[in-house]
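**Student:** When you get a sec, could you give me coordinates for this:
(one chain, ligands or ions: 1)
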Amino acid sequence: MFLLNSDDEPPPCADDPDLWFVDDGTLKGARVTDHVNELIHLAKDGCAVCPYKTPCLQHALENGEYGIWGGTTTDERRRERRRMARRAA
Ligand code: SF4
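**Tutor:** Take a look at the predicted model:
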């Protein structure tokens with residue numbers, strides 16, 4: 001969950017934070033069942049309409065957060081960080 005200021009409108013993840021942390025940072029292969037995938041997509045749908053999506057994603061990329069942040073999973077951000085590192089090299 002990401003807020004710029006405490007008086008900002010609560011983001012969609014504030015209603016059900018556990019849903020955004022169904023991705024506990026270890027999801028790979030067989031652990032990503034259809035049910036887990038469905039939950040991840042529900043969280044991503046919330047992120048898609050969130051006014052904090054861009055700064056939320058930036059925060060998660062910079063701080064190595066796990067869970068769904070800015071519409072991305074932990075694994076997707078790992079891959080994005082690797083792409084960014086390759087581009088910077
Ligand atoms: S982009 Fe997603 S994880 Fe980030 S504050 Fe919004 S709803 Fe929460």
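
**Student:** Dihedrals phi and psi, residue 28?
**Tutor:** Main-chain torsions, residue 28, degrees, to the nearest 10: phi -150, psi 150.

**Student:** Any regions of this structure where pLDDT drops low?
**Tutor:** Residue ranges of the chain with pLDDT under 70: 1-4, 30.

**Student:** what does this protein have sitting close to the ligand?
**Tutor:** Contact residues (Cβ under 6 Å from any ligand atom) of the chain with the ligand: 1-2, 11-13, 20, 46-47, 50, 52-53, 56, 68-70. Bear in mind the C-beta positions are built from the backbone N, C-alpha and C, glycine included.

**Student:** Now, of those, which are buried?
**Tutor:** With burial judged by 16 or more other Cβ atoms under 10 Å, the buried subset of these is 2, 11-13, 20, 46-47, 50, 52-53, 56, 68-70.

**Student:** Which ones among the residues you listed map onto helices?
**Tutor:** Here DSSP state H is the test, and these give 20, 46-47, 53, 56 as lying in helices.

**Student:** Cool, thanks, talk later.
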